[in-house]
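K.L.:
Sharing a sequence plus its predicted fold:
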Amino acid sequence: MKLAIVGQQDFGKAVLEAFLARGDDVAGVFCAPEKEGARPDPLKVAAQERSVRVFQFASLKSDEARAALRSLDVDLGVMAYVLQFAPQDFVTIPRLGTIQYHPSLLPKHRGPSSINWPIIRGATRTGLTIFRPTDGLDEGPVILQKEAAIGPDDTLGSVYFERLFPLGVAAMLEAADLVVAGRHTETVQDESQASYEGWCRAAEAKVYWHDHVDHVYDVIRGCNPAPGAWTTLAGRKIQIFDARKHPVRTFGAVRGKPGEISAIGEQSLRVTAHGGQIEVFKLKAEDGKKMSAAEFARGAGIDVGTLLGS
């Protein structure tokens, strides 16, 4: 098939490489312009290395973007991790239209941080959707979906890189084949089941030690590695990454007040929350680098009894 890929970053690159590896004709790649001083987008670099034409428009709503896509005369558009808005008069230019990847089981978790939120909310299942883009955010008809498990200790990183990333690349190929062969179905999303969440950023990643230990742990793992859950120590911001939950089952077994460091070991430290403790292995001060929690405690002169979140 002859296609155009619209995307960014490593996922866009992987989708490009997967189509090229099986002999498809990628006539062009559209990716957002890099910010000043930023590294070249991996999708852009991969396309240039393979002599695929690259287009970078500040907006896909422009006449120039539409003209560029028309000039390629492609069968199908493939949107692989796209943060730019792609209007209908752009996505309908390919002969068979366009398909788009979204890392959730639509209509659940529409929006830009759709991998973070299921983990933060303690869900045990997530997945991905290939759908037809419309002018509504993640609202178009569904072509196919794939489910993926969220384990009790999974993080944003493990769910994405071990499951949703490779599953998503394969699903894009599968969906493209179905559309080109005319064997696909398009299922309208059930609006009564829809949910939307905005970005998971610093404000959403703050740890509240007075919450239950289950929720504290879900926030930490749902923000690992980005944006990084955080707390404060004497007014300084500290990001928490690798951690483990230690719930307690008996009355009186929780040691310390919420946010209090109750133990410091060789590689980790423990912080009290309601219903248990969080064992922190990796953290990062706002002006430093990731390090073991115990190393940080020694360097910062932290003792058992120190209170976080103050």
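P.N.:
Received it, and whenever you're ready, just let me know what you need.

K.L.:
contacting residues around the residue nearest the centre of the chain?
P.N.:
Nearest to the mean C-alpha position of the chain, counting by CA atoms, centre = their mean, stands Ile115 at 4.8 Å. Residues counted as contacts of Ile115 (CB atoms under 8 Å, 6 or more residues apart in numbering) are 103-104, 126, 156, 159-160, 164. Heads up, the C-betas are built off the backbone N, CA and C, glycines and all.

K.L.:
one more time with 6 Å
P.N.:
Neighbour list for Ile115: 103, 156, 160 [criterion: CB atoms under 6 Å, 6 or more residues apart in numbering].

K.L.:
Could you check how far it is from Glu64?
P.N.:
Distance, Ile115 to Glu64, by CB to CB, to the nearest Å: 32 Å.

K.L.:
hmm, back to that, counting only helices, which of the contacts of Ile115 make the cut?
P.N.:
Under the assignment DSSP state H, these contribute Leu156 to helices.

K.L.:
Among the contacts of Ile115, which one has the most neighbours?
P.N.:
Pro103 (24 neighbours; other CB atoms under 10 Å).

K.L.:
Need phi/psi at that one.
P.N.:
With angles defined as degrees, to the nearest 10, Pro103 shows backbone torsions of phi -90, psi 60.

K.L.:
With Glu204 instead?
P.N.:
Backbone geometry at Glu204, expressed as degrees, to the nearest 10, gives phi -80, psi -20.

K.L.:
so how far is Arg121 from it?
P.N.:
12 Å.

K.L.:
Now do the contacts for Leu144.
P.N.:
Taking CB under 6 Å, 6+ apart as the criterion, Leu144 is in contact with 130, 175.

K.L.:
which stretch of helix or strand covers it?
P.N.:
Remark: Leu144 resides in strand 142-149, with elements defined by DSSP states H and E.

K.L.:
quick one: average pLDDT of that strand?
P.N.:
Average pLDDT, strand 142-149: 98.

K.L.:
could you dump it to PDB, C-alpha only?
P.N.:
Presented in PDB, the C-alpha positions along strand 142-149 are these (Å, rounded to 0.1, in the frame of the first residue of the first chain):
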ATOM      1  CA  VAL A 142     -13.400   2.200  16.300                       C
ATOM      2  CA  ILE A 143     -11.700  -0.100  13.800                       C
ATOM      3  CA  LEU A 144     -10.000  -2.400  16.300                       C
ATOM      4  CA  GLN A 145      -8.900  -2.700  19.900                       C
ATOM      5  CA  LYS A 146      -6.400  -4.700  21.900                       C
ATOM      6  CA  GLU A 147      -6.500  -5.200  25.600                       C
ATOM      7  CA  ALA A 148      -3.500  -5.300  28.000                       C
ATOM      8  CA  ALA A 149      -3.200  -6.100  31.600                       C
END
